[in-house]
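A.B. asks: no letters, just coordinates:
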């Protein structure tokens with residue numbers, strides 16, 4: 001069974017986001033073991049400068065890199081990442097299941113991810129050219145992974 005670790009910066013405060021995430025965690029349970037690791041987002045002033053943002057991303061990078069398990073296939077979500085179809089992601093996840101059996105997905109803070117985290121990733125993934133709130137991205141990513149695993153297992157979810 002595939003082990004999925006989702007590393008996120010920040011927590012879900014609103015109940016509707018938590019409920020949506022819980023629904024996809026439950027659905028994914030048929031195909032994978034899901035673990036969500038919420039790391040603390042570094043606080044910044046209201047109008048941070050570039051140096052402050054860079055320093056915050058580096059502090060967050062330490063925690064993110066420490067949370068990645070050994071031998072996991074690492075996917076960093078970033079705007080400059082590669083866009084895949086559901087079928088292409090299913091193929092990638094199939095290969096991961098055969099090779100290591102473990103995938104770690106990383107969603108950064110509101111300022112993104114440190115270049116060090118991106119460099120440590122086996123795949124830089126972009127879900128869309130659009131920008132989404134990080135809370136919604138967590139739901140979108142879990143749905144996307146669920147859809148891909150549904151394709152691999154031949155369910156009727158993906159039409």
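C.D. replies: On my side now, so go ahead. What you see is a predicted model, and the numbers here were worked out from it, not measured in a lab.

A.B. asks: for the residue lying closest to residue 110 once chain neighbours are set aside, phi and psi?
C.D. replies: Of all residues not flanking residue 110 in the chain, residue 134 sits nearest, at 6.3 Å (C-beta to C-beta, 6 or more residues apart in numbering). (Glycine included, C-beta is placed from N, CA and C.) Per-residue torsions, residue 134: phi -60, psi -30 (degrees, to the nearest 10).

A.B. asks: can you list the buried residues in stretch 27-43?
C.D. replies: 27-28, 31-32, 34, 36-37, 39, 41-42 (16 or more other C-beta atoms under 10 Å).

A.B. asks: and stretch 106-126, by the same measure?
C.D. replies: So for stretch 106-126, counting by 16+ other C-beta under 10 Å, buried means 106-109, 111-114, 117-118, 120-121, 123-125.

A.B. asks: and it, how far out from the chain middle?
C.D. replies: The chain centre lies 9 Å from the centre of stretch 106-126; the measure is C-alpha atoms, centre = their mean, to the nearest Å.

A.B. asks: what distance separates the opening and closing residues of that stretch?
C.D. replies: Chord length of stretch 106-126, first to last residue, is 11 Å (C-alpha to C-alpha, to the nearest Å).

A.B. asks: for stretch 31-44, same thing?
C.D. replies: Start-to-end, stretch 31-44 (C-alpha to C-alpha) is 38 Å.

A.B. asks: so how far is it from its chain's centroid?
C.D. replies: That offset, for stretch 31-44, works out to 9 Å (C-alpha atoms, centre = their mean).

A.B. asks: which residues sit against it?
C.D. replies: By C-beta atoms under 8 Å, 6 or more residues apart in numbering, the residues outside stretch 31-44 that reach it are 1-11, 21, 25, 28, 52-53, 56-57, 59-60, 63-64, 67, 109-111, 142, 145-146, 149-150, 152-153.
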